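[1] Quick one, structure for this:
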Amino acid sequence: MAFGFGSHTRLDVRRPQQHSSFSTAVAVFVALALVAVWMVSSTLVTPADFSSPFQPTARPSQTPPSTSTQEEDAYEPPPAPVTHHNTPDNGSQSQPPAEATRGESDRGSWPTQAAGSNKDTRQQQQQQTAAPSSYGWKLCNTEAGPDYIPCLDNLQAISKLRTTKHYEHRERHCPQHPPTCLVPLPEGYRNPIRWPKSRDQIWYNNVPHTKLVEYKGHQNWVKVSGEYLTFPGGGTQFKHGALHYIDFIQEAKKDIAWGKRTRVVLDVGCGVASFGGYLFDRDVLTMSFAPKDEHEAQVQFALERGIPAISAVMGTKRLPFPSRVFDVVHCARCRVPWHIEGGRLLLELDRLLRPGGYFVWSATPVYQKLPEDIEIWKAMSTLTRSMCWEMVNKVKDRINRVGIAIFRKPTDNSCYEARSSANPLICGEYDDPDAAWNISLQSCLHRLPTDPTIRGSQWPEEWPLRLEKPPYWLKNSEAGVYGKPATDDFRADYEHWKRVISNSYMNVLGIDWSAVRNVMDMKAVYGGFAAALRDLKVWVMNVIPIDSPDTLPIIYERGLFGVYHDWCESFSTYPRTYDFLHANHLFSKIKKSDRCKLVAVMVEVDRIVRPEGMLIVRDSLETIREVESMVKSLHWEVRVSYSQDNEGLLLVQKTMWRPNEVEAKL
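    Got it, this is the predicted structure:
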């Protein structure tokens, strides 16, 4: 149990010198010394002002909100310097971290995805999952076994679908009650191979699937080599390597400028995500996605390799991203019928693509002359012209023997107004392009912003300048999430997380960052936590809960990425796909909402985190104690637990433990 003491301060201190063991007297001396440093430093800092709400530029919702969501994060009261557990590995005393935490209050207003969502019913959200009083854990009994994703493997709901014409069976269908069972490990599972070696090979037993090997082995996607699955770096459209293909795109349109003008890319139908995996070499961050379908485990392969990816499908719903945020959208033979039904799916890409951004299409209709390919190319040419996309190049690669067509989205509305036929239609004024959670696809074009102070009217700063500079459309006349003027709030958040990462997460908590590749910030706000990790060989999935301030466009503007999500549902990823989860005042917010029980969220955390992976929780002392009780029952190791007043920090590490008992079949 953690105990708090001391007065309110904000403090970051360097890690004390490590020793192999500590006597009781030395431990007491170190603790007292830290208290002294803390007390001296407490006179050198000023608490942040968080008296004002965050007032963004107003934007209409597509559907009227059924509830009013109010929220304002506040700079947290800082913790006391010392309360710790012994390190589980060797019994030596953990060094006490001493840095600030961030709290949250429920004041102020801000647009949220929950307010704009068009869920058919909210009754399911209000159902509460009964928490087992003694945490009597059992293994899930599902057909998906070790690969169970509750919202994608809900066979009962899928069996009741009236049609699967638009891939409805690949979309999210969440159970009415979030499961509280634990996903089993694959037989022979072992700790993943570390990045960058993991880009080329992973343990076969961790993802024991061979269909892709059988289907795509000749195309250099993935091969079996003894106890490994190996990834030669190829794909359907780049059999001779992703790097050559990436450079070929750059040569075809130099303005793409990988790693400078182009920083954030969306890869549709990503396969095993070698395209995104090798774009890291060009300082580009790629959001890759593919459905959980007959090409089994392609997204799981990507994540096991250490490459960002989510399970998603272009079906009947918008993708969980804001509008106008991706610099480039890429599709290499992604099997999406862009040209049908008025181009509804391509219009979704138009929603996501920045004005002036590029769509790179590498598929057989671009370069082959079979009757079907010719027909599709004609339809795509007509559709893209009607959308005012300009084809800036169409070229064939002599080495790979494939072609690419590159289209550019317009930067203003002049082409829309000059069209002889208004088809596709312009979206109505009440169709909010940023509403993305459970929103049905629309067959219309969104007008582009004309005001130079509105997001999307200008291209962001080149990378890496855009990471640290507040977006041009953030105004100091508006209050930020924490109450300061918006740009000051942005900078203060970044400085805070740089200090926390440098002084505590890197030097005090004892985290082996060489074992960390896939990171998730479960409640990201401005993305300051991810930005502060930029010099490490990690990538961060920034999650904006649907009932939190909609700050995800800010995260994309600074060259990072993320998704919207409802933490009362399962995340669209395979089990065991993240090395490190960060939850900053998320769990107490979930408890306060009373929409689902915390135990269900912790089960989802257990599903997502790899064995030996870690979770940091920064929250109220009451919530910290509840989470600590749960993770202990899950046999996770408590590495650090400390608090001051009603605030605390908990660092825990997952183990290989799984229960022996299996629940009744779901």
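
[2] For Pro471, which non-adjacent residue is spatially closest?
    Setting aside the residues directly before and after it, Pro471 is nearest to Glu557 in space (Cβ to Cβ, 6 or more residues apart in numbering), at 4.3 Å. Bear in mind the C-beta positions are built from the backbone N, C-alpha and C, glycine included.

[3] and that neighbour, what does it touch?
    When contacts are counted by Cβ atoms under 8 Å, 6 or more residues apart in numbering, Glu557 touches 325, 455, 460, 466, 471.

[4] How about the contacts made by the fourth one?
    Counting by Cβ under 8 Å, 6+ apart, Arg466 touches 263, 460, 557-559.

[5] how does it look with 6 Å?
    Residues near Arg466 by Cβ atoms under 6 Å, 6 or more residues apart in numbering: 460, 558-559.

[6] Show me where the stretch 151-300 of the chain has its strands.
    Counting by DSSP state E, counting those that start in this stretch, one finds strands in the stretch 151-300 of the chain at the ranges 201-203, 223-225, 228-230, 264-268, 285-290.

[7] so how far is stretch 390-405 off the chain centroid?
    Relative to its chain's centre, stretch 390-405 lies at 32 Å (Cα atoms, centre = their mean, to the nearest Å).

[8] Can you give me the buried ones in it?
    394-395, 397, 400, 402-405 (16 or more other Cβ atoms under 10 Å).

[9] Next SSE downstream of whichever strand or helix holds Asp489?
    Here Asp489 sits within helix 486-500, counting by DSSP states H and E. Helices and strands here follow DSSP H and E; after helix 486-500, the next one along the chain is strand 518-521.

[10] Okay, now the sheet partners of that following strand, with direction.
    Strands that pair with strand 518-521, judged by DSSP bridges, come out as strand 539-545 (parallel), strand 578-584 (parallel).

[11] follow-up on the earlier one: mean pLDDT lowest where, among the strands of the stretch 151-300 of the chain?
    Mean pLDDT per stretch puts strand 223-225 lowest among the strands of the stretch 151-300 of the chain, at a mean of 86.

[12] Buried ones in that strand, by neighbour count?
    For strand 223-225, a neighbour-count test (16+ other Cβ under 10 Å) marks Lys223 as buried.

[13] Can you tell me the strand partners of that strand and which way each runs?
    strand 228-230 (antiparallel).

[14] which residues sit against the strand it pairs with?
    Under Cβ under 6 Å, 6+ apart, the answer for strand 228-230 is 201-202, 204, 222-223.

[15] Distance to Lys292 added to the residues you listed, as TSV?
    Output for these, formatted as TSV (distance: Cβ to Cβ, whole Å):
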residue	distance to Lys292
Gln201	23
Ile202	18
Tyr204	20
Val222	17
Lys223	22
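
[16] ok, which pair from the residues you listed is furthest apart?
    For the contacts of strand 228-230, the farthest-apart pair by Cβ to Cβ is Ile202 and Lys223; their separation is 11.7 Å.

[17] Switch the strands paired with strand 518-521 over to TSV; also include mean neighbour count.
    Formatted as TSV, the strands paired with strand 518-521 follow (neighbours: other Cβ atoms under 10 Å):
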stretch	mean neighbour count
strand 539-545	25
strand 578-584	23
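
[18] what would the ones you listed look like in a markdown table with mean pLDDT?
    Shown next, in a markdown table, are the strands paired with strand 518-521 (pLDDT from 0 to 100):
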| stretch | mean pLDDT |
| --- | --- |
| strand 539-545 | 98 |
| strand 578-584 | 98 |
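
[19] in the sheet, who's paired with the residue at minimal distance from the centre of the chain?
    Nearest to the geometric centre of the chain sits Met541, at 2.9 Å (Cα atoms, centre = their mean). With DSSP bridges as the criterion, Met541 is bridged to Met520.

[20] Make residue 1 into 344 and carry on from there
    Taking 344 as the first residue, the last one we looked at is Met884.

[21] That one contacts Met863, doesn't it?
    Yes: using Cβ atoms under 6 Å, Met884 is in contact with Met863, at 4.6 Å.
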